[in-house]
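J.: sequence below, structure please.
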Amino acid sequence: MKDSNALASAENRDTQRLNQLHNLALQAAQEAAQALKERSEDCLRVNDSTATDVKIQGDLEAEALIRRRLSQSSPYPVYGEEMGGDLNCVNSGEPYWMVDPLDGTFNYYRGLPLYCVS
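T.: Alright, predicted model coming up:
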């Protein structure tokens with residue numbers, strides 16, 4: 001009985017921690033999405049482009065915001081599409097955050113509401 005109580009308690013702590021991390025990620029994504037919805041002139045500035053991709057200032061600003069939020073309340077490293085990160089975290093077997101701050105940049109840039117923060 002003692003072992004099952006300890007296991008249940010550990011599972012409860014794990015569930016609570018996962019819920020906290022989920023809420024943290026959700027809040028960070030929602031903040032970034034709100035900033036992107038405002039579509040400021042600076043946010044739409046093109047930093048780089050190819051025939052198949054465009055990098056705008058909004059990508060960088062959204063990722064910076066998400067990184068700040070996650071780093072303030074989480075011990076896990078962040079790997080982002082725009083700013084990269086330490087690739088060792090990807091192969092470490094340890095938890096890390098993977099961020100695409102503006103998935104659908106072409107659509108966003110053109111004013112089409114088919115994009116998301118992930």
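J.: use CA for all of it now, contacts and neighbours both
T.: OK.
J.: ranges for the strands of the protein?
T.: Remark: strands assigned in the chain by DSSP state E are 46-49, 54-56, 78-80, 97-99.
J.: how about the ones you listed in CSV, adding distance to Tyr109?
T.: CSV is the format used below for these (distance: least, CA to CA, whole Å):
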stretch, distance to Tyr109
strand 46-49, 9
strand 54-56, 8
strand 78-80, 20
strand 97-99, 19
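J.: could I get the ones you listed as a markdown table with mean neighbour count and mean pLDDT?
T.: What follows is these, written out as a markdown table (neighbours: other CA atoms under 10 Å; pLDDT from 0 to 100):
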| stretch | mean neighbour count | mean pLDDT |
| --- | --- | --- |
| strand 46-49 | 12 | 89 |
| strand 54-56 | 19 | 89 |
| strand 78-80 | 21 | 94 |
| strand 97-99 | 18 | 96 |
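J.: closest to Ser40 out of these?
T.: Closest approach to Ser40 among the strands of the chain is made by strand 54-56 (11.5 Å; CA to CA).
J.: which residue is nearest the middle of the chain?
T.: Val99 (3.6 Å; CA atoms, centre = their mean).
J.: give me the beta-bridge partners of the closest residue to it other than its chain neighbours?
T.: Leaving out its chain neighbours, the residue that sits closest to Val99 by CA to CA, 6 or more residues apart in numbering is Gly80, at 4.6 Å. Under DSSP bridges, the beta-bridge partners of Gly80 are Gly84, Val99.
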